[in-house]
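Student: The sequence and its predicted three-dimensional model are supplied below.
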Amino acid sequence: MKKWLCFSFSALFLYGCSNNGKKSEDDFAYQLMVTDSIQVDYQGNLFLYDYDSSTHLFLGMDNRTDEVLLFDRQGTVSSRFHLAKDGPNAISWAVGWGFFKGQFTVMDAAKGLLFFSREGEIANFTQPGLFV
């Protein structure tokens, strides 16, 4: 019984591996593409922190210069600004950053959750139409 089972599996395997030359690209309905990198036009130490599925934007930051980059899947930078270290909009102690409802946010230990516009200015999240 085992020999018959091995023989039938071997025959099916060889039949499946045969190439009769009649297959075309239309015979394959599904394709799998794995992308493991994005080329971004930026020279520096760019670290990827977050992705927002509603706007299809990635959040990248340079930890040395605190420069923030928002870019899409093709690597096109849509917004680029620095977090302020002094002045009224200074970020004194950022403990977390990411996207919240499609907007770049920073959690500051002293000021709380701060929402940023695409130009890098601290904005009021309750203003209608600001984050469209």
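Tutor: That came through fine. Residues are numbered from 1 along each chain as shown.
Student: Flag the shaky bits of this structure, pLDDT-wise.
Tutor: Counting by pLDDT under 70, the chain contains low-confidence residues at 16-31, 35, 125-132.
Student: can you give me the strands for it?
Tutor: 46-52, 57-62, 67-71, 77-82, 94-100, 103-108, 112-116, 122-123 (DSSP state E).
Student: List of residues touching the second one?
Tutor: The contact list for strand 57-62, computed with CB atoms under 8 Å, 6 or more residues apart in numbering, reads 38, 40, 42, 44-52, 67-73, 78, 97-99, 102, 104. Yep, even glycine has a C-beta here, placed from its N, CA and C like the rest.
Student: For the buried ones among these, write the corresponding PyMOL selection.
Tutor: A single PyMOL command selects the buried members of the contacts of strand 57-62 (16 or more other CB atoms under 10 Å):
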select buried, resi 40+46+49+50+52+67+68+69+70+71+97+99+104
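Student: How much space separates the residue nearest to residue 64 when sequence neighbours are not counted from residue 67?
Tutor: Using CB to CB, 6 or more residues apart in numbering and skipping the chain neighbours, the partner closest in space to residue 64 is residue 45 (5.8 Å). For residue 45, the distance to residue 67 equals 10 Å [CB to CB, to the nearest Å].
Student: just residue 116 next, same as before
Tutor: 13 Å.
Student: can you tell me how far the residue nearest to residue 64 sits from residue 95?
Tutor: The span separating residue 45 from residue 95 equals 20 Å under the rule CB to CB.
Student: Likewise for residue 50?
Tutor: According to CB to CB, residue 50 and residue 95 sit 15 Å apart.
Student: One more: residue 5?
Tutor: 62 Å.
Student: Also residue 65?
Tutor: 19 Å.
Student: Next: residue 52.
Tutor: 20 Å.
Student: Same check on residue 32?
Tutor: 39 Å.
Student: Neighbour count for the two, which is higher?
Tutor: Under the criterion of other CB atoms under 10 Å, the comparison of residue 32 against residue 95 puts residue 95 first, with 8 against 4.
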